[in-house]
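Enquirer: Structure, please.
(2 chains)
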2 protein chains.
Amino acid sequence: MFDCEPSEVLVGNGAAELIKGLFVALEGDVGIIYPTFNEYPERIGEHRVKRFIPKNKDFTYTIEELKEFSEGLGALVLINPDNPSGHFFKKEEVLELVEYLGERDIRFIFDESFIDFANRDEVYTLLISKYLQRYKNLIVIKSISKSYGVPGIRLGVLASSDMDLVNKVRKEVSIWNINSFGEHFLQIISKYKKDYNKACDLINDERNRFFHELSKISFLRVLPSRANYFLCEVTAGYTATKLTEELLNKYNILIKDCTGKIGFENGEYIRVAVRNKEDNNFLVEKLREVY
Amino acid sequence: MFDCEPSEVLVGNGAAELIKGLFVALEGDVGIIYPTFNEYPERIGEHRVKRFIPKNKDFTYTIEELKEFSEGLGALVLINPDNPSGHFFKKEEVLELVEYLGERDIRFIFDESFIDFANRDEVYTLLISKYLQRYKNLIVIKSISKSYGVPGIRLGVLASSDMDLVNKVRKEVSIWNINSFGEHFLQIISKYKKDYNKACDLINDERNRFFHELSKISFLRVLPSRANYFLCEVTAGYTATKLTEELLNKYNILIKDCTGKIGFENGEYIRVAVRNKEDNNFLVEKLREVY
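Expert: I've put the predicted structure just below:
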């Protein structure tokens, strides 16, 4: 499924199990870019987390900022595209960062769970032996649930050429951790590579269209995203919680209320999923009615 | 599915995940009866394991022996029926033990993964609120894979009325640890209670018949068992490894070679599963040919 040596890859009961095991195996402070996927700081532990909170309204950040932030860290976590912001670094930028960190003996944890959704001319993966071998400090994490749309099957992978680390994490995960359905999925998925790529392209096109439609909603500020979701600021006095409740109660639409997440103290934010055209249009229509 | 409060029960990605989490949450030395299911000592760690090895050829032990052995322990693990010996304690005996340990502030970890296979007049469960509430030191572990024959689905439960402990273990297991198939299984399984009981009864009857057939094999000493397997000593010069290899290579029959397991230093031991009549007869027939 991936272009790696079997020994470099560890399969987990979801990425969550691997994230948990990884931070037991790793030592030192870990840099986290906020707002983030809570499972990271949760598993690292408050005392080991160093926070980077972008000082702008779009939650964007540059490689230079991360280089500066990384000083003294044992490891830096980058989710790319980021969750929930949708912020995206191109391959060259990420390679520059991993090399910089490697020279300073800082681990680079690259979570590419959403990367298959990136624009077709920018999509890439670091789950390749060539990169793992070149950058010994690189640890790639990928949830299979996200891009393949199979959360219930519980599958994630972690890859690194640091055998010591891989074996330490392996000891942390349970034996027989993968269920039979997940095993079967991994056996057959490569047959569907073409269909999968086509589906990702569809998301690509629909995301662009949906972005323009959402941007027309007067009380939303939509942030650009390369993932299958958009982070939006709710403006004009509506609160994120109120809007979320109303969409759920009135129209049975579930969006993510980001209230309470670290990094969102200065505004009202929601995250909405990119679905098919029909679903997306339904959401836009209801957003128009709601206000 | 069980007669417990939801708050008392924790569901795991197999019992293995719960065993792993439990011994991170628990402190102190843990008593283990050998030979055993390796996952217990493995997860407890060599330095915390206190070994009890029965001093007889049948690997049997009494409540009195366990009481004596328990002195100074933080917890005692009992698998009942035991794995791989098949040794079995009746309910009254186990309740006597848990009460004795409770008075001495020793935790009692009762693994009843194989208990549904016990003779129909002796079968019982401690996965009941009444017992969990009465014995605060009681921790029940049950693999759903074993008796229900669904290892691939990865399900296990841990139950205790000690909310502090349950919450500690909950923190140790991954979020979203159960896959959708496991969830669905738990939702529908109670509909099949009758069929399940019938199937257990069939195993009961077949185990008795199979025991007599196996006992006729001249080079096997079969130990009594209330589980769905028999531990057998291989006598008359045949080694367990040689016998296992021959059955696999010649007839595609897989039995468990117990060589190398702690507690089996003074003999050659195998474990064979109780399957349906046809399979069991096939094994007996091939055992006759092999020697």
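Enquirer: contacts, neighbours, all on C-alpha from now
Expert: Noted.
Enquirer: all helices of the stretch 101-250 of chain A, in order?
Expert: All helices of the stretch 101-250 of chain A, identified by DSSP state H, counting those that start in this stretch, fall at A:129-134, A:144-148, A:163-172, A:180-188, A:193-215, A:240-251.
Enquirer: So for B:G182, which of these sits nearest?
Expert: B:G182 sits nearest to helix A:180-188 of all these, at 10.5 Å, using CA to CA.
Enquirer: who touches that closest one?
Expert: Applying CA atoms under 8 Å, 6 or more residues apart in numbering or on different chains, the set of residues contacting helix A:180-188 from outside is A:M1, A:I153, A:R154, A:L155, B:G152, B:I153.
Enquirer: Between those residues, which sits nearest B:E103?
Expert: Distances from B:E103 to those, taken as CA to CA, are shortest for B:I153 (38.2 Å).
Enquirer: Number of residues surrounding that closest one?
Expert: Burial of B:I153 is recorded as 23 neighbouring residues (other CA atoms under 10 Å in any protein chain shown).
Enquirer: show me the contacts for it.
Expert: A:N179, A:S180, A:F181, B:S145, B:N179, B:F181, B:G182.
Enquirer: could you redo the residues you listed as TSV and give each row distance to B:F110?
Expert: Shown next, in TSV, are these (distance: CA to CA, whole Å):
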residue	distance to B:F110
A:N179	25
A:S180	27
A:F181	30
B:S145	17
B:N179	25
B:F181	27
B:G182	23
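Enquirer: Tabulate those residues (a markdown table), appending neighbour count, pLDDT and distance to A:F89.
Expert: Conversion of those to a markdown table gives the following (neighbours: other CA atoms under 10 Å in any protein chain shown; pLDDT from 0 to 100; distance: CA to CA, whole Å):
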| residue | neighbour count | pLDDT | distance to A:F89 |
| --- | --- | --- | --- |
| A:N179 | 24 | 86 | 34 |
| A:S180 | 17 | 86 | 35 |
| A:F181 | 18 | 84 | 33 |
| B:S145 | 18 | 80 | 44 |
| B:N179 | 24 | 86 | 32 |
| B:F181 | 18 | 84 | 36 |
| B:G182 | 24 | 86 | 37 |
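Enquirer: and which of these is nearest B:N276?
Expert: For the contacts of B:I153, the closest approach to B:N276 (CA to CA) belongs to B:S145, at 17.8 Å.
Enquirer: pretty sure that closest one contacts B:G156?
Expert: Yes. Proximity of B:S145 to B:G156 meets the contact threshold set by CA atoms under 8 Å, at 7.3 Å.
Enquirer: what residues are shared contacts of the two?
Expert: B:G14.
Enquirer: Tell me which of the helices of the stretch 101-250 of chain A sits most buried.
Expert: Greatest average neighbour count among those goes to helix A:144-148 (a mean of 19), per mean count of other CA atoms under 10 Å in any protein chain shown.
Enquirer: Say whether chain B is contacted by that helix.
Expert: No. Residues of helix A:144-148 contacting chain B under CA under 8 Å from any CA of the partner chain: none, with a closest distance of 11.2 Å.
Enquirer: list the contacts for A:D257?
Expert: A:A240, A:T241, A:T244, A:Y269, A:I270, A:R271.
Enquirer: and the first one, what is it in contact with?
Expert: Looking back up the chat, that one is A:A240. A:V234, A:D257, A:C258, A:T259, A:E268, A:Y269, A:I270.
Enquirer: same thing with the last one?
Expert: Contacts for A:R271 were tallied using CA under 8 Å, 6+ apart; they are A:P84, A:Y229, A:F230, A:L231, A:C232, A:I255, A:K256, A:D257, A:C258.
Enquirer: okay, now the last one: neighbour count?
Expert: Put plainly, it is A:C258. Neighbour number of A:C258 under other CA under 10 Å is 23.
Enquirer: Same check on the third one?
Expert: Neighbourhood size, A:F230 [other CA under 10 Å]: 25.
Enquirer: my guess is it meets A:G86, correct?
Expert: Yes. The pair A:F230 / A:G86 is scored as a contact, 6.6 Å apart, by CA under 8 Å.
Enquirer: Give the residues shared as contacts by these two.
Expert: With CA under 8 Å, 6+ apart as the test, A:F230 and A:G86 both reach A:L223, A:P224.
Enquirer: quick one on the thing from earlier: show me the contacts of A:A240 that map onto strands.
Expert: A:V234, A:D257, A:Y269, A:I270 (DSSP state E).
Enquirer: Get me the contact residues on chain A for chain B.
Expert: A:13-14, A:16-17, A:20, A:152-154, A:173-181.
Enquirer: Farthest pair within the ones in strands among the contacts of A:A240?
Expert: A:V234 and A:D257 (10.4 Å).
Enquirer: Identify the contacts common to the two.
Expert: A:A240, A:Y269, A:I270.
Enquirer: ok so, going back, kindly reformat the contacts of A:R271 as CSV containing pLDDT.
Expert: What follows is the contacts of A:R271, written out as CSV (pLDDT from 0 to 100):
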residue, pLDDT
A:P84, 96
A:Y229, 96
A:F230, 97
A:L231, 97
A:C232, 97
A:I255, 95
A:K256, 96
A:D257, 96
A:C258, 95
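Enquirer: Which strand or helix spans the residue of the stretch 1-150 of chain A found nearest chain B?
Expert: At 5.3 Å from chain B, A:E17 is the closest residue in the stretch 1-150 of chain A, using CA to the nearest CA. Element membership of A:E17 [criterion: DSSP states H and E] is helix A:14-25.
Enquirer: can you pull the contacts of A:N179?
Expert: Shown in contact with A:N179 (CA under 8 Å, 6+ apart): A:N13, A:I153, B:G152, B:I153, B:R154, B:N179.
Enquirer: Please check the contacts of A:A240 and keep the buried ones.
Expert: A:V234, A:D257, A:C258, A:T259, A:E268, A:Y269, A:I270 (16 or more other CA atoms under 10 Å in any protein chain shown).
Enquirer: Rebuild these as a markdown table, extending it with distance to B:K55.
Expert: As requested, those are exported to a markdown table (distance: CA to CA, whole Å):
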| residue | distance to B:K55 |
| --- | --- |
| A:V234 | 73 |
| A:D257 | 63 |
| A:C258 | 62 |
| A:T259 | 63 |
| A:E268 | 69 |
| A:Y269 | 67 |
| A:I270 | 66 |
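Enquirer: Mind pulling the model confidence for A:L165?
Expert: We have a pLDDT of 96 for A:L165.
Enquirer: Go through the contacts of A:D257 and say which is closest to A:I139.
Expert: Of the contacts of A:D257, the one sitting nearest to A:I139 (CA to CA) turns out to be A:R271, at 27.3 Å.
Enquirer: give me every residue that touches the residue lying closest to A:A159 once chain neighbours are set aside.
Expert: Excluding its sequence neighbours, the residue lying closest to A:A159 (CA to CA, 6 or more residues apart in numbering or on different chains) is A:V9, at 4.4 Å. In this structure, A:V9 makes contact with A:V157, A:L158, A:A159, A:S160, A:V166, judged by CA under 8 Å, 6+ apart.
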